[in-house]
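Q: pasting the structure only:
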């Protein structure tokens, strides 16, 4: 088995660019941590519901900065929680979690999740959240993950935004325009059309086509209402308004809509949406589980 305490940059060096431009040099450190901390109550509940044995071997495929991997490690204190990611930047942050006293079962390794060394497995469970939508050939990627599961093992896929998020309950039209602007941005930046950016809604079907059995789906709701905690406000401002929308949507909105959006997203504006007494946010996170035969 490879030395999993060190990032193996050679393993990832030849990886092909992903659908969304992923390379070993590309990282989304802040974005990943902000979302995972924001959704921590709901994500931890999902992980607890997996009923992992303390001795289970678990792989987090596309682990990002390793926060969810660390939560998985808490469930398998006498087993292994291995986080794998393509990004050097992600893993640099993930390795800091190895300093925790509770990280005895936690390890990280750099690799393309579609080209994992078979010597890593087999695993009892593979978790992968918001990662399969980055693959150019998702069904082939799922089959490759299945190769790393023991017979009767589980693949658990988590995916955000099968349904559009609700930010502006009082202005559905503006909300729709912002969502469309984001899709147009990805179309122009990565050469993707709307079918490419929404194809991941078929995760359930992809799992069946990849040969998994007893495939199930469950969608949970992540919901926040006014008054918001400071932590939740921080996520919306830094993770969504600045980190995701910001000026990337401006070219795709009318001038009036852009100015309205700026005022709603600016903490110094009297129209700041997170200070409204009627602020109501809804987003979905879908869990697709399949078993190997």
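A: Sure, I can see it. Remember, predicted model here, so these are calculated numbers, not experimental data.
Q: all the strands of the stretch 1-150 of the chain, residue numbers only.
A: Counting by DSSP state E, counting those that start in this stretch, the segments of the stretch 1-150 of the chain that form strands are 57-61, 80-85, 106-110, 123-129, 149-160.
Q: residue 268: which of the ones you listed is closest?
A: strand 149-160 (28.8 Å; Cβ to Cβ). The C-beta positions use only the backbone N, C-alpha and C, and glycine is treated the same way.
Q: turn the strands of the stretch 1-150 of the chain into JSON lines, including mean pLDDT and mean neighbour count.
A: What follows is these, written out as JSON lines (pLDDT from 0 to 100; neighbours: other Cβ atoms under 10 Å):
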{"stretch": "strand 57-61", "mean pLDDT": "98", "mean neighbour count": "27"}
{"stretch": "strand 80-85", "mean pLDDT": "96", "mean neighbour count": "28"}
{"stretch": "strand 106-110", "mean pLDDT": "95", "mean neighbour count": "24"}
{"stretch": "strand 123-129", "mean pLDDT": "98", "mean neighbour count": "24"}
{"stretch": "strand 149-160", "mean pLDDT": "97", "mean neighbour count": "19"}
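Q: these into a markdown table, with extra columns for distance to residue 253?
A: Shown next, in a markdown table, are those (distance: least, Cβ to Cβ, whole Å):
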| stretch | distance to residue 253 |
| --- | --- |
| strand 57-61 | 36 |
| strand 80-85 | 33 |
| strand 106-110 | 38 |
| strand 123-129 | 30 |
| strand 149-160 | 23 |
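Q: the domain parsing of this protein - what is it?
A: 9-162+198-221+283-291, 172-191+224-281 (automatic domain parsing).
Q: hey, least reliable of these by pLDDT?
A: Lowest mean pLDDT within these: domain 9-162+198-221+283-291, a mean of 91.
Q: now that domain, how far from the centre of its chain.
A: 8 Å (Cα atoms, centre = their mean, to the nearest Å).
Q: return the most buried member of the domains of the chain.
A: Of all these, domain 9-162+198-221+283-291 has the most neighbours on average by mean count of other Cβ atoms under 10 Å, namely a mean of 19.
Q: checking my notes, residue 231 in a helix, right?
A: Yes - judged by DSSP: H, G, I helix; E, B strand; the rest coil, residue 231 forms part of a helix.
Q: my guess is it contacts residue 39, does it?
A: No - look at residue 231 against residue 39 with Cβ atoms under 8 Å: they stay out of range, at 11.4 Å.
Q: what segments of the protein are helices?
A: 9-13, 29-38, 40-48, 67-75, 88-94, 138-146, 172-190, 194-198, 203-209, 230-234, 255-265 (DSSP state H).
Q: now render the ones you listed as JSON lines, adding distance to residue 108.
A: Below are the helices of the chain laid out as JSON lines (distance: least, Cβ to Cβ, whole Å):
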{"stretch": "helix 9-13", "distance to residue 108": "12"}
{"stretch": "helix 29-38", "distance to residue 108": "14"}
{"stretch": "helix 40-48", "distance to residue 108": "18"}
{"stretch": "helix 67-75", "distance to residue 108": "7"}
{"stretch": "helix 88-94", "distance to residue 108": "5"}
{"stretch": "helix 138-146", "distance to residue 108": "17"}
{"stretch": "helix 172-190", "distance to residue 108": "27"}
{"stretch": "helix 194-198", "distance to residue 108": "29"}
{"stretch": "helix 203-209", "distance to residue 108": "25"}
{"stretch": "helix 230-234", "distance to residue 108": "26"}
{"stretch": "helix 255-265", "distance to residue 108": "35"}
